[in-house]
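Engineer: below are the sequence and a predicted model; questions follow.
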Amino acid sequence: MDLDDAAHPIKQNLFKRLVIPALILSRGATQPPIAVTGLLLIDIGLTFGHPVGVIGQIRTLSSVIAIIFSLLMGILSIRFKHRSLLITGLTFYSVSALCCSLSPTFTALLLSYSLTGIGRAMVNPMAGALVGERLPSERRSKAFGWIFAGMAISYLVTAPATGYLAGLGGWRFAFLGFVLPFSLASLALSIIGIPSEPEGLKSQMKSDDYLLGFKSVLSNKSAVACLLAAALSEATWGSALSFSASFFRQRFLIPLNLASLLMSGIAVSCAIGSMVSGYIVNRFGRKTIAVVSALFLGIFSITYVNINLFWFSLVLMYLNGVVAAIRYASSDSLTLEQVPEFRGTMMSANTAAYSLGSAFGTGLGGLAIIYYGYGGLGLTIGSMGIIAAAVFHVLTTDPTRN
């Protein structure tokens, strides 16, 4: 139901206070699995006897699964309530965390972690669609900024917690002792804090309408360009984030505890970028900021792994976190406005694009490391960020500005 239709004033105010925190925490729940696998790839590899490039493919499979389910979500978001789909996705995250901690083989870990792909396909687009439903246009950019700041803070908390818990009981304990409780907490807050839509709202759609959302998205040149640019830029950032901890541990021979603290710095930089993104986007426009942030994302991704000076490389990675967060907020805000009548489908397609980019980036990045080292990784993924900036600039439009 709409916030203004709450039956009781106290309940209405409670909903207004909890909707955004629930959305922030729901997107925050997507980060602990990423942080744990990014930080502990070496340790997981030692358990199963595989190198970093191979272990990193657990995230590739998760992204492939997310692509498939994101496309399915484009249809389900028309038939089912966005809140229900969000809650179901958070349930998948909880089940995945439990199964990962108990996985006896690498194959079992692959399958268990792939459940995060289903969760991501449900949580990410539905959180974005709920922002579009519950907030006016002028507040959406700031809402996205706070949501992505929450994701960064989640990563900030996860990194040191992962290092500490892994030191106590290994990588399995990091899943069981942190990822699982975080997922359950986000699930509980979403159930309590996000009000339901009226009964029967989605069932009014005709069966022929289920593909209309995809037709509307694919017939819009700017919408398709947003998806392409999102995939390319996510390939850049997803791969950089996946292998950054392993890069610093192997290139500069730093211990796990120090690496976890350094990854916390990346989370801080992302939080800073997220919190300022809403103001920057409102000032200069969604498209302009998407172009500039994607461009610098590509440049920083190339340079930070090709510098042999520890502190210089670290600063460049932190700057990469700032522009990556700004790019997320500006890109998602731009994408949300492309097809307003089918926001659920648009954001599901956007999640599919992100997952495709992440799968492509981590897969190609892993191969680049195996054959060309980390320098080849930077050149490979950084070029995609620069291409994404060109796509944003040439092929997209901002409907709110036009």
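Structural biologist: Looks like it arrived, so ask away.

Engineer: residue 54 contacts residue 369, doesn't it?
Structural biologist: No - using Cβ atoms under 8 Å, residue 54 makes no contact with residue 369, being 10.6 Å away. From N, CA and C alone the C-beta is placed, and that goes for glycine too.

Engineer: out of the two, which sits in the more crowded spot?
Structural biologist: residue 369 (24 against 15; other Cβ atoms under 10 Å).

Engineer: for the chain, longest helix please?
Structural biologist: helix 343-395 (DSSP state H).

Engineer: same question for it, mean pLDDT?
Structural biologist: Mean pLDDT, helix 343-395: 87.

Engineer: stretch 223-243 now?
Structural biologist: 90.

Engineer: so how far is it from its chain's centroid?
Structural biologist: When C-alpha coordinates are averaged (Cα atoms, centre = their mean, to the nearest Å), stretch 223-243 and its chain have centres 10 Å apart.

Engineer: with stretch 383-399 instead?
Structural biologist: Counting by Cα atoms, centre = their mean, stretch 383-399 comes out at 19 Å from the chain centroid.

Engineer: same check, this time on stretch 312-332
Structural biologist: 13 Å.

Engineer: report the buried residues of that stretch.
Structural biologist: Neighbour counts over stretch 312-332 (16 or more other Cβ atoms under 10 Å) mark 313-332 as buried.

Engineer: and for residue 196, the neighbour number?
Structural biologist: The burial count for residue 196: 11, using other Cβ under 10 Å.

Engineer: touching, it and residue 83? I think so.
Structural biologist: Yes - taking contacts as Cβ under 8 Å, residue 196 lies within contact range of residue 83: 5.7 Å.

Engineer: low-confidence bits of the stretch 101-250 of the chain, can you list those?
Structural biologist: Residue ranges of the stretch 101-250 of the chain with pLDDT under 70: 138, 197-210.

Engineer: can you give me the helices in it?
Structural biologist: Assigned by DSSP state H, counting those that start in this stretch, the helices in the stretch 101-250 of the chain fall at 106-134, 137-169, 171-174, 180-193, 212-218, 221-251.

Engineer: so which elements touch the third one?
Structural biologist: Other helices and strands packing on helix 171-174, by 3 or more Cβ pairs under 8 Å, 6 or more residues apart in numbering; DSSP states H and E, are helix 41-48, helix 82-102, helix 137-169.

Engineer: what comes up buried for the first one?
Structural biologist: Within helix 41-48, the residues that qualify as buried by neighbour count (16+ other Cβ under 10 Å) are 41, 42, 43, 44, 45, 47.

Engineer: model confidence for the fourth one, exactly?
Structural biologist: The model reports residue 44 with a pLDDT of 85.

Engineer: touching, it and residue 170? I think so.
Structural biologist: No - taking Cβ under 8 Å as the definition, residue 44 is not a contact partner of residue 170, at 9.4 Å.

Engineer: overlap in contacts, these two.
Structural biologist: Shared contacts of residue 44 and residue 170 (Cβ atoms under 8 Å, 6 or more residues apart in numbering): none.

Engineer: what's near enough to touch residue 352?
Structural biologist: 66, 67, 70, 71, 74, 121, 227.

Engineer: could you look up the SS state of residue 77?
Structural biologist: helix (DSSP: H, G, I helix; E, B strand; the rest coil).

Engineer: leaving out chain neighbours, which residue sits closest to it?
Structural biologist: Nearest non-adjacent residue to residue 77, counting by Cβ to Cβ, 6 or more residues apart in numbering: residue 344, 3.0 Å away.

Engineer: separation between residue 163 and residue 259?
Structural biologist: Using Cβ to Cβ, to the nearest Å, we find residue 163 at a distance of 7 Å from residue 259.

Engineer: which neighbours do these two have in common?
Structural biologist: With Cβ under 8 Å, 6+ apart, residue 163 and residue 259 have common neighbours residue 39.

Engineer: so between those two, which is more surrounded?
Structural biologist: Neighbours of residue 163 and residue 259, each counted by other Cβ under 10 Å, are more numerous for residue 259; the result is 24 against 21.

Engineer: correct me, but that one touches residue 245?
Structural biologist: Yes - judged on Cβ under 8 Å, residue 259 makes contact with residue 245 at a distance of 5.1 Å.

Engineer: what is in contact with these two at once?
Structural biologist: residue 39.

Engineer: related to what we said a few turns ago, distance to residue 35 added to the helices and strands packed on helix 171-174, as a markdown table?
Structural biologist: Below are those laid out as a markdown table (distance: least, Cβ to Cβ, whole Å):
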| stretch | distance to residue 35 |
| --- | --- |
| helix 41-48 | 11 |
| helix 82-102 | 12 |
| helix 137-169 | 4 |
